[in-house]
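**Student:** Sequence and predicted structure, then a few things I'm wondering about:
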Amino acid sequence: MSKELVMGIDVGGQSTKLGVVNAEGEIIAQTVISSLQDKLIDYITDLTNAINDLIAKTKDTGEVKGIGIGAPNGNYYNGTVEHAPNLKWSYDNSGNPTVVDLANLVRSFTNLPVTVTNDANAAAMGEMAYGVARGMKNFIMITLGTGVGSGIVINGEIVYGHDGFAGELGHTIAIRDGRQCNCGLKGCLETYCSAMGVRRTAQKLLMTNPDKPSKLRELDPEKISSKDVYDAAEIGDEIALEIFKTTGEILGRSLADFVKFSAPEAIVLFGGLARAKKYFHEEMVAAMEENQLSIWKGRIRVLYSALKDSDAAILGASALAW
């Protein structure tokens with residue numbers, strides 16, 4: 001008798017990771033494609049080709065019976081990706097983010113059941129089942145990637161809200177009348193504490209400190225990445241260290257606000273930027289505690305996902321398909 005398998009897909013602003021998962025929660029095969037396509041048909045073609053390749057590779061192990069997808073602005077109720085500013089293939093002909101019926105599109109190409117949720121919600125589900133949040137009933141997952149996502153768990157359940165979009169903490173206002181965000185608002189947390197936010201902070205500090213030497217000055221300011229800043233911090237670059245310090249302070253203040261909302265047992269940080277924790281953790285926690293109500297001071301743990309790369313999001317998305 002063939003074993004039942006499911007597939008989890010993590011859609012990010014830069015790349016999309018896919019994995020086939022067995023009943024024991026093991027990712028038995030995985031692959032990655034770009035998310036940078038300009039046209040929806042190109043992205044769907046690449047995605048469904050990757051899905052079919054993984055199904056073929058694992059057919060001797062078992063049969064994939066369904067697909068779960070975690071995507072920015074993914075709507076669990078409708079199976080759609082709605083107005084996602086960081087996914088160019090979701091833009092209409094006028095250059096504006098629109099609604100993509102992702103579940104039905106993938107279903108039509110694969111003939112498999114497909115469920116969609118927000119990418120950070122998927123990561124939260126994976127962390128709750130397999131990671132540092134195992135056994136927790138109340139926690140907040142913050143994903144620090146191309147943007148800032150969040151998954152809120154209360155009493156063991158993901159919070160979706162009445163329309164499927166609850167938990168857009170990356171678009172809470174960190175700095176009033178601050179940086180312009182792709183969503184149309186100004187000062188969103190995402191504009192400061194994402195990979196894009198780190199680049200913008202780097203550009204600002206390089207411009208406002210023209211006499212301070214930095215390895216980052218050797219790079220095109222428009223192409224500086226959070227990895228470039230991390231590499232510079234590793235050799236003691238003062239500008240790079242200041243970038244992470246600033247990022248940590250802003251994130252910490254926002255985390256204090258999030259605690260006031262749901263009184264979580266812990267906040268779990270996940271994503272590429274979280275790997276630079278040694279350069280911002282201290283400032284982040286200090287800022288969180290400074291802005292915390294006394295009833296929560298020293299009581300909220302800040303944890304980091306121990307799951308490899310995007311395994312939390314793949315595993316969490318796959319849980320939707322069982």
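**Tutor:** Received the coordinates, thanks. Numbering: from 1, shown residues only.
**Student:** Break down the stretch 151-300 of the chain into its strands, ranges please.
**Tutor:** Assigned strands in the stretch 151-300 of the chain, in chain order: 157-158, 266-270 (criterion: DSSP state E, counting those that start in this stretch).
**Student:** chain center to the last one, what's the gap?
**Tutor:** So the one you mean is strand 266-270. Its chain's C-alpha centre and that of strand 266-270 lie 12 Å apart, by CA atoms, centre = their mean, to the nearest Å.
**Student:** ranges for the strands of the stretch 1-150 of the chain?
**Tutor:** If DSSP E, counting those that start in this stretch is used as the criterion, the strands of the stretch 1-150 of the chain fall at 3-11, 15-21, 27-34, 62-71, 74-75, 80-82, 99-100, 114-118, 139-144, 148-154.
**Student:** a markdown table please, covering those strands and showing mean pLDDT, mean neighbour count and distance to residue 182.
**Tutor:** Glycine gets a C-beta too; all of them are placed from N, C-alpha and C. Output for these, formatted as a markdown table (pLDDT from 0 to 100; neighbours: other CB atoms under 10 Å; distance: least, CB to CB, whole Å):
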| stretch | mean pLDDT | mean neighbour count | distance to residue 182 |
| --- | --- | --- | --- |
| strand 3-11 | 96 | 25 | 16 |
| strand 15-21 | 97 | 23 | 18 |
| strand 27-34 | 97 | 16 | 19 |
| strand 62-71 | 97 | 23 | 16 |
| strand 74-75 | 96 | 24 | 17 |
| strand 80-82 | 97 | 23 | 14 |
| strand 99-100 | 98 | 20 | 16 |
| strand 114-118 | 96 | 26 | 16 |
| strand 139-144 | 96 | 29 | 16 |
| strand 148-154 | 95 | 26 | 12 |
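**Student:** so where's this protein shaky on pLDDT?
**Tutor:** The chain contains residues with pLDDT under 70 at 1, 309-310.
**Student:** Any idea which residue is closest to the centre of it?
**Tutor:** The chain has residue 143 as the residue nearest its centroid, 3.8 Å off, counting by CA atoms, centre = their mean.
**Student:** excluding its backbone neighbours, what's nearest that one?
**Tutor:** residue 149 (4.1 Å; CB to CB, 6 or more residues apart in numbering).
**Student:** circling back: what's across from the residue nearest to the centre of the chain in the sheet?
**Tutor:** Note on residue 143: beta-bridge partners residue 149, residue 270, judged by DSSP bridges.
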